[in-house]
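**Q** Quick one: sequence plus predicted model below, questions after.
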Amino acid sequence: MQEAMLAIENIHTNYGASQVLHGISLKVKPGEIVGIMGRNGVGKTTLMRSIMGLTPAKSGRISFRDADITHMPSHKIARLGIGYVPQGRRVFPSLTVREHLQVTAREAPANQWTFAKMIELFPNLGQRLDQSGAKLSGGEQQMLAAGRALVANPSLLLMDEPTEGLAPLMVRELGRLVGALKETGTAVLLVEQQLAFVLKYADRVYIVSKGQVVHHCLPSELAADSEIKARFLGV
Ligand SMILES: Nc1ncnc2c1ncn2[C@@H]1O[C@H](COP(=O)(O)OP(=O)(O)OP(=O)(O)O)[C@@H](O)[C@H]1O
C-alpha cells in the first residue's frame, strides 16, 4: 500500500476549556479523495483548522509528507502544498476575480493549476475577471475560492462543505472540478454533508461523531449500510 501523504495521529483540539476533537486519526494517500462525514457540530471544521494550523492540536501529531506540521504556522503549512477552501467560501468582497487568482498564484513550471487553466475550467469566472468578489453568485464564489487555493499548486486540497447552499447545476460544476482534481492526482480531503456527492467522488470515507472517527469504509459500503447512515448521518 502506498504511504500516506497526510497522517493524523490521535489529535486532541479544544477552544479554551471546550474540547472538540477527542483523539482523531486518519490518513490521506497521494491522489486520494477522502470524504469526512458527520452531523453538525461534531468537529469536522475544527479538524480542517487543526490541519491548517489555525486551531492547532493540543496533542497528537499531524504529518504531511516528511514534515511534522502539528505546530507549524499556517503560511508554512500552505507553502508545503496544502490548500484550504474554508466553509462559506470567504472570498474577499473588494478584490476582483483576477486579483483573487493572482494573489496566491505560483508560476512553478510543474504547476498544472495556472491562471489560464482555472479560466478554462470555469468559463463563468473568465467572463467576470474584473468583477468584485461581492458580486458573484454563491456558486461562482465557491469556484473562485477553489481556484484561489488551486493556483498556489497544492498537492492536497482541504474542502469544507463545498456544496453547501449551491443549486444542483453548480453542484454538478463542482463535481467536474473534483473529477479534474482526481485526474490530475491532486488529493482532496472533503468534508461534505451531501451523501450522494461523497458516494460519487470519494475513494474512502471516515465518519466522525463527537470529535472521534467512529467508522471508516468504502463509499459502496456506506451506501449499503442503513444503520450507520441513520445513526451518524441522520439519513
Ligand atoms: N471558535 C470557537 N470557539 C468555541 N467553540 C467553537 C468554535 N468553533 C467551533 N466551536 C464548537 O466546536 C464544536 C465543533 O464545531 P465544528 O465547526 O468543528 O463542527 P462541524 O462538524 O464542522 O459542524 P458543521 O457541520 O455545523 O460545520 C461545536 O460545538 C462548535 O460550537
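**A** Perfect, I can see it now.
**Q** Who are the contact partners of the nearest residue to residue 28 once chain neighbours are set aside?
**A** Spatially, and ignoring its direct neighbours in sequence, residue 28 is nearest to residue 6 (4.2 Å; CB to CB, 6 or more residues apart in numbering). Heads up, the C-betas are built off the backbone N, CA and C, glycines and all. With contact set as CB atoms under 8 Å, 6 or more residues apart in numbering, residue 6 has these partners: 27, 28, 51, 62, 63, 64, 82, 156, 187, 189.
**Q** Tell me which entries of the residues you listed lie within helices.
**A** Among the contacts of residue 6, DSSP state H puts residue 51 in helices.
**Q** Narrow the contacts of residue 6 to those that are buried.
**A** Buried residues within these, counting neighbours by 16 or more other CB atoms under 10 Å: 27, 28, 51, 62, 64, 82, 156, 187, 189.
**Q** I'd like those residues laid out as JSON lines, including pLDDT and distance to the ligand.
**A** Formatted as JSON lines, these follow (pLDDT from 0 to 100; distance: CB to the nearest ligand atom, whole Å):
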{"residue": "27", "pLDDT": "98", "distance to the ligand": "20"}
{"residue": "28", "pLDDT": "98", "distance to the ligand": "18"}
{"residue": "51", "pLDDT": "98", "distance to the ligand": "12"}
{"residue": "62", "pLDDT": "98", "distance to the ligand": "16"}
{"residue": "64", "pLDDT": "98", "distance to the ligand": "20"}
{"residue": "82", "pLDDT": "97", "distance to the ligand": "18"}
{"residue": "156", "pLDDT": "97", "distance to the ligand": "19"}
{"residue": "187", "pLDDT": "97", "distance to the ligand": "20"}
{"residue": "189", "pLDDT": "98", "distance to the ligand": "13"}
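**Q** So for the residue nearest to residue 125 when sequence neighbours are not counted, what's the pLDDT?
**A** Closest residue to residue 125 in three dimensions, ignoring its sequence neighbours and counting by CB to CB, 6+ apart: residue 97, at 5.3 Å. pLDDT, residue 97: 93.
**Q** Pull up the gap between the residue lying closest to residue 133 once chain neighbours are set aside and residue 139, please.
**A** In space, residue 133 comes closest to residue 91 once its chain neighbours are excluded; the distance is 3.8 Å by CB to CB, 6+ apart. Residue 91 is 12 Å from residue 139, where distance means CB to CB, to the nearest Å.
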